[in-house]
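Asker: Predicted model and sequence follow; I will ask about them next.
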Amino acid sequence: MINEKLPKIWYGGDYNPEQWESDVWDEDIRMFKLAGIDVATLNVFSWALSQPNEDTYDFAWLDETIDRLYNNGIYTCLATSTGAHPAWMAKKYPDVLRVDYQGRKRAFGGRHNSCPNSPTYRKYSRLIAGKLAERYKDHPGLLIWHVSNEYGGYCYCERCAEGFREWLRGRYGTLDKLNKAWNTRFWGHTFYDWDEIVPPNELSEEWGGNRTNFQGISLDYRRFMSHSLLECYKIEYDELKKHTPHIPVTTNLMGTYPVLDYFEWAKYMDVVSWDNYPSLTTPVSYTAMVHDLMRGLKGGQPFMLMEQTPSQQNWQPYNSLKRPGVMRLWSYQAVARGADTVMFFQLRRSIGACEKYHGAVIEHVGHENTRVFRECAELGGELQKLSDKVLDARVEAKVAIVFDWENRWAVELSSGPTIALKYVDEVHKYYDALFGMNIQTDMIGVEEDLSKYDIVIAPVLYMVKPGYAQKIEEFVRNGGTFVTTFFSGIVNENDLVTVGGYPGELRKVLGIWAEEIDALFPDQKNQVVMKQPLGSLNGSYECGLLCDLIHLEGAEPVAEYGSDFYKGMPAVTVNRFGQGQAWYVATSPDAEFLGGFLANLCESKGVKPLLNAPAGLEVSRRTKDGNSMLFLLNHNPEAVTVELDGSRYTDLLTGKSVSGSASVPGRGVVILSD
Ligand code: GLA
Ligand code: ZN
């Protein structure tokens, strides 16, 4: 349990009473109670308020707020406020200001704006975290620490450059090793002195965010920045733990946010939390995948849904309202996939600045007679009734998809063979096929143990880190089924090509050699033609993006290309290796192929769908103490009926007994417990 003080699904969100006059505070409390809210996230952006100058701290407003909430049965998720530095700090100590990608020294403004290597930022964020921890360590209302907010962005200042050189010394030891790792004899880049190395931005090696002349330095700068920001988090973490070793600490992540290596970050978080902001058009399978990824960051441990909007965002180009029922549906989607909290940004809509049109539990009208408030209050009541039934329940999967941020950086920094290759999209194609069949899937990092899975899929495993090929070999040798795709096994952790034939270190387990890689224009297609039927697969399917031209070295061809000069060359292969199988999908096939392909693999391994559900009905299962809870989430606007197995279930939300089949209302949710 995240914290035993509140043994239910936490319900609440970001609350900024400091932006309001005191006359609304009692009204807030009255409405929070009506909505069943039991946790408020405070102090996210209040650094300037609590520390008006270098020597003065004034937490009176926070004392009062935490007390008022607690006296009314509402706990505090207490942020450390370091997500935006005060203006006085920027004026007095310009080292807190970042230098941007274009090489410009930033002025005060915005948020998430501090240089992660600024001694001033580190000093004062440590200090304020310590003061908060000391002050509230014994407060019974303190539920969890929320360090800073949505860490992100990079800095390219002189201090970061110095820090980078230090970090590089630690990583490579000698310049000789660094020169080799970055292949600096290319374009005459040999470094003779550490001080010659400068951060890769638009003044040096990069342009457009992820285009670079030198993958080695660009990759290392991403590692270094992720590490630098993590250091800032750790400074605060340690300070908080000194005073409150038993209070959990988190920071809110952003799903597939490209900038930070979240698997690395999660090691230092007591519980993962994240902010979920899908738009009306985001595929539900994409959101499901991200929930699974957030659960995977800490090996399946339940996570927190820290933020979502009850209705609309303000920062998307078109900020649609969540349709009636959708807020509840998407909240349960998070819970179904491992969340033990449902929290919003924000509890009351602000009146000024850029988030005034962002949805909130309490809207500008100020009373409870709104659609949004009614939906929030209904959900709040339901979560109270659910009490601790779902808490700590696990999601169990036999299929895993590998996701690796460093590999993603390398893929997207790559110059050639195509600009159209987006790592997350390729991962999502495989996830979506499994999701469509309601096959429970884990999203795992490269450090995860593979032996608990029957099937491991690593789309575009371009970068193979030391030891990973051996790990895959062992998994397959022991009977596992491994799947990888085109453009895999190409480089090592420094983005240096493994010579001797693609897919490099994976060549042995896959039993193939990829001689060339063809990049297709967006409207150009080839075909994957089955050599013989495989499950439901028969005939020809479309493929595109990249086509590897492969030769068999022990693998068997399952499908071949249908056109172009490589017509007849293998497009999909399987290699029997030890007790298992290693599959290579040499191109990016259409969804129909992937659906049939993965259905066949799952069937052959005895991995069953949770239910044979109609389209648009998402199914997920959480299990606790041998008791399983089946979540049926109907994303269709109309009701659907699903056939159940022979068991008798209890509907956790209505208490009714269910058997034979279950009917789920349009955009409705049913939770069946056995
Ligand atoms: C993020 C932030 C919040 C708020 C919301 C708005 O998730 O953490 O402070 O800005 O976005 O959607
Ligand atoms: Zn900096």
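Answerer: Thanks, I have it. Ligands and ions are numbered 1, 2, ... in the order given.

Asker: going forward, measure contacts between C-alpha atoms and count neighbours the same way
Answerer: Fine.

Asker: is residue 560 in a bridge, and if so with what?
Answerer: residue 529, residue 570 (DSSP bridges).

Asker: Give me the distance between the closest residue to residue 17 other than its chain neighbours and ligand 1.
Answerer: Leaving out its chain neighbours, the residue that sits closest to residue 17 by C-alpha to C-alpha, 6 or more residues apart in numbering is residue 25, at 6.9 Å. Between residue 25 and ligand 1 the distance is 20 Å, computed by C-alpha to the nearest ligand atom, to the nearest Å.

Asker: All further residue positions should be reported with the first residue as 21.
Answerer: Sure, I'll start numbering at 21, so the last one becomes residue 45.

Asker: What about residue 45? Give its phi and psi, please.
Answerer: phi -60, psi -40 (degrees, to the nearest 10).

Asker: what does residue 470 give?
Answerer: The phi/psi pair for residue 470 (degrees, to the nearest 10) is phi -90, psi -10.

Asker: Now for it, how many residues are close by?
Answerer: 21 (other C-alpha atoms under 10 Å).

Asker: Run through the residues that contact it.
Answerer: Residue 470 makes contact with 476, 491, 495 under the criterion C-alpha atoms under 8 Å, 6 or more residues apart in numbering.

Asker: now with 10 Å?
Answerer: Neighbouring residues of residue 470 by C-alpha atoms under 10 Å, 6 or more residues apart in numbering: 418, 419, 420, 422, 464, 476, 491, 492, 494, 495, 496, 500.

Asker: So which other helices or strands are in contact with the helix or strand containing the third one?
Answerer: Assigned by DSSP states H and E, residue 420 belongs to strand 419-422. Counting contacts by 3 or more C-alpha pairs under 10 Å, 6 or more residues apart in numbering; DSSP states H and E, strand 419-422 packs against helix 304-316, helix 443-456, strand 461-464, strand 475-478, strand 501-505.

Asker: what do you get if the cut-off is 6 Å, keeping everything else the same?
Answerer: Contacts defined by 3 or more C-alpha pairs under 6 Å, 6 or more residues apart in numbering; DSSP states H and E place strand 419-422 against strand 461-464, strand 475-478.

Asker: Quick check: the residue sitting furthest away from the middle of the chain vs residue 538, distance?
Answerer: Here the chain reaches farthest from its C-alpha mean at residue 585, the gap being 40.2 Å by C-alpha atoms, centre = their mean. Remark: distance between residue 585 and residue 538 (C-alpha to C-alpha, to the nearest Å) = 11 Å.

Asker: and what of residue 99?
Answerer: Relative to residue 538, residue 99 is positioned 50 Å away (C-alpha to C-alpha).

Asker: Who has more neighbours out of these two?
Answerer: Set residue 99 next to residue 538 and count neighbours by other C-alpha under 10 Å: residue 99 wins out with 25 against 15.

Asker: Cross-check the contact I'm expecting between the more buried one and residue 66.
Answerer: No. The criterion here is C-alpha atoms under 6 Å, and residue 99 misses it with residue 66 at 9.1 Å.

Asker: okay, the strand holding residue 420 in PDB with CA atoms only?
Answerer: Provided in PDB are the C-alpha atoms of strand 419-422 (Å, rounded to 0.1, in the frame of the first residue of the first chain):
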ATOM      1  CA  VAL A 419       3.800 -11.500 -22.700                       C
ATOM      2  CA  ALA A 420       6.200  -8.600 -22.400                       C
ATOM      3  CA  ILE A 421       7.200  -5.800 -24.700                       C
ATOM      4  CA  VAL A 422      10.700  -4.300 -24.200                       C
END
